[in-house]
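> Pasting the sequence and the predicted model now:
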Amino acid sequence: MNNILTTLSTIPLTLGINLGTAHFEPGYRSDTTGIYLRASDTVIGRFRNSLGVPSNLLGITFRTPMHTETMIGIATGYALNPSGIPILTVGRNWKLNPIQSFRASIIPPTSYNAGAVTFSLEYHLK
C-alpha cells in the first residue's frame, strides 16, 4: 500500500480554469468557462460548451514537437451526439511564474466543428 501511495504522490497534478474561446466562424458562444484537472497525461473537466450547454471532458494528452501538447478526448453535451463527440486540441503553455501558466489550445475544424482557440490559466499543484 505504501508503494501505491508513494507512486500517486509523484504524479504531476495541474488545475486548469478555462477562460473562454475564440471561434473561427460566427454564431458560437465565447463564454466557455470551466475547470479541468490534469493528472499526469489524463484530463477530466467540466465546462460550458460553445452552444451554452454544460459539457464533461475526458482526454489523454501527449507531448508533440515545438513544446506543444496534443489532447485527444471525448466531450459531452453537443447536439450531434449528447453522450460524447471526439475532440482534439493542440496547445501550448507559457509560464507566468513557477506554479502558474497561460495556455492557448487550437481545436481544428472538422465536419461537426467550426474550429476555435481556447484560453486557460493553469496552476501546477505538484
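Noted; the coordinates are in hand. The model shown is predicted, which means the values in this text are computed figures rather than measured ones. Numbers count the residues shown, from 1 in each chain.
> Now do the buried residues in the longest strand seen in the chain.
In terms of residue count, the longest strand belonging to the chain (DSSP state E) is strand 85-97. Neighbour counts over strand 85-97 (16 or more other C-beta atoms under 10 Å) mark I85, I87, T89, G91, N93 as buried. C-beta: built from backbone N, CA, C; applies to glycine.
> repeat for stretch 111-125
Buried residues in stretch 111-125 (16+ other C-beta under 10 Å): N113, A116, T118, F119, S120, E122, H124.
> list the contacts for the second one?
Translated: A116. Contacts for A116 (C-beta atoms under 8 Å, 6 or more residues apart in numbering) come out as T21, A22, H23, F24, Y28, S50, I106, I107.
> hmm, which of those residues are the buried ones?
T21, H23, Y28, S50, I106, I107.
> Which of these sits closest to T42?
The nearest member of the buried ones among the contacts of A116 to T42, counting by C-beta to C-beta, is I107 at 19.0 Å.
> The closest one contacts T89, correct?
Yes: if you go by C-beta atoms under 8 Å, I107 and T89 touch, sitting 5.4 Å apart.
> In this model G16 seems to touch I35, though I could be wrong.
Yes: with contact defined as C-beta under 8 Å, I35 and G16 form a contacting pair (6.9 Å).
> what do the two both touch?
G45.
> neighbour count winner among the two?
A direct count of neighbours by other C-beta atoms under 10 Å for I35 and G16 places G16 higher, at 19 against 13.
> what pLDDT does T110 get?
Per-residue pLDDT puts T110 at 84.
> Repeat that for the one 5 residues further on.
Reading off the per-residue confidence, G115 sits at a pLDDT of 92.
> who touches N49 in this structure?
R29, T32, S55, A75, G77, Y78.
> who does the residue lying closest to the last one once chain neighbours are set aside bridge with?
Okay, so that is Y78. Nearest non-adjacent residue to Y78, counting by C-beta to C-beta, 6 or more residues apart in numbering: I85, 5.1 Å away. With DSSP bridges as the criterion, I85 is bridged to A75.
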